[in-house]
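following is a predicted model, sequence given first.
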Amino acid sequence: MPRNSYFQFKQFRIVQERSAMKVGMDGVLLGAWANASEAKRMLDIGTGTGLIALMLAQKNALAEIDAIEIDREACEEAVLNVLQSDWSDRINLHYQSFQEVVAEAENKYDLIVSNPPFFSNGVKAPDETRAQARHADALPLDVLISGATKLLNENGRIALVLPVGQLQNVENLANINGLFLARLCRVKPNPIKPDFRILVELAKEQVAFQEENLMIEFEKHHDYTPEYRELTKDFYLKF
């Protein structure tokens, strides 16, 4: 996706001039895939530009959504994006760390979503805010899952997008925190390349496990599969 100053979706616009992380496929995948239909209160951890929070608001016309972000520039831009949307009365932006939210524990949630920082190794980006958004130092996955578990309602769920190599780690952390793997989607970019992302949903109650696969494109670039078009058609202008 080109890094323009804004990204236009069907029902909202994302201004992304100041945010370290721009609109990307990971966020769109999670926002489109997360099951928000029955959630009355939702939490978006590390909202960035506000993309996923806005997608959830579009999908669920009644839910209240809290969105937190620790980067001030991104948070201020997310506030702008929310105020320019049709759902500003239902999305609450907070310039706050996830650890602070867990410590205060003022609300319980039916659905918690996060496109978390997951580059725990390797060279960090030279831009400090971009490095913070991409690396797991500020919010390790074990801290994210254990904290989110404390914030869930009895029937609550956590939805995440992660590198495919994190699946075993997620399963171990779910077991430690008394959660169950409810849904799993393995995502591959095209027929030639291997799976590169997983979409996972963890539940506090054991339910029938659902597993699926999603391929984004055929061999030709921008030749999107029917499954990817169906998943994202309510959001992308081109679909």
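Good, I have the coordinates.

immediately after the helix or strand of the chain with the lowest mean pLDDT, which helix or strand?
Within the chain, no helix or strand scores below helix 128-134, which has a mean of 45 by mean pLDDT, DSSP states H and E. Per DSSP states H and E, the first helix or strand lying C-terminal to helix 128-134 is helix 141-151.

give me the neighbour count for Tyr228.
19 (other CB atoms under 10 Å). Every C-beta, even on glycine, is put in place using the N, C-alpha and C of the backbone.

repeat for Thr149
20.

contacts only, for Glu69.
For Glu69, the contacting residues are Gly46, Thr47, Gly48, Cys75, Ala78, Leu93, His94, Tyr95, Gln96, by CB atoms under 8 Å, 6 or more residues apart in numbering.

same thing but 6 Å
Thr47, Cys75 (CB atoms under 6 Å, 6 or more residues apart in numbering).

show me where this structure has its helices.
25-33, 51-59, 72-83, 98-104, 128-134, 141-151, 167-176, 226-232 (DSSP state H).

between the ones you listed, which one is closest to Ala39.
Set against Ala39 and scored by CB to CB, the helices of the chain come closest in helix 51-59, at 8.0 Å.

about what we covered before: mind putting the helices of the chain in TSV, distance to Ile192 included?
Listed next are the helices of the chain as TSV, based on distance: least, CB to CB, whole Å:
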stretch	distance to Ile192
helix 25-33	17
helix 51-59	28
helix 72-83	34
helix 98-104	37
helix 128-134	26
helix 141-151	29
helix 167-176	21
helix 226-232	16
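
so of those helices, which one's packed in deepest?
Most buried of these by mean neighbour count (mean count of other CB atoms under 10 Å) is helix 51-59; its value is a mean of 26.

low pLDDT regions in this structure?
1-4, 118-137 (pLDDT under 70).

quickly note the distance from Ser85 to Ile65.
Going from Ser85 to Ile65 by CB to CB, to the nearest Å gives 11 Å.

ok, the two, which is more surrounded?
A direct count of neighbours by other CB under 10 Å for Ser85 and Ile65 places Ile65 higher, at 27 against 21.

can you pull the contacts of that one?
Met42, Ala53, Leu56, Ala57, Ile91.

nearest to Ala159, out of the helices of the chain?
Here helix 25-33 is closest among those (CB to CB), at 6.4 Å.

got the angle between that closest one and helix 51-59?
20 degrees (axes from the mean of the first three to the mean of the last three CA atoms, to 10 degrees).

if we can go back for a sec, let me know the closest of the contacts of Ile65 to Leu29.
With CB to CB as the yardstick, the closest approach to Leu29 among the contacts of Ile65 comes from Leu56, at 13.4 Å.

check contacts around that closest one.
Neighbours of Leu56 in contact, by CB under 6 Å, 6+ apart: Ala36, Met42, Ile65.
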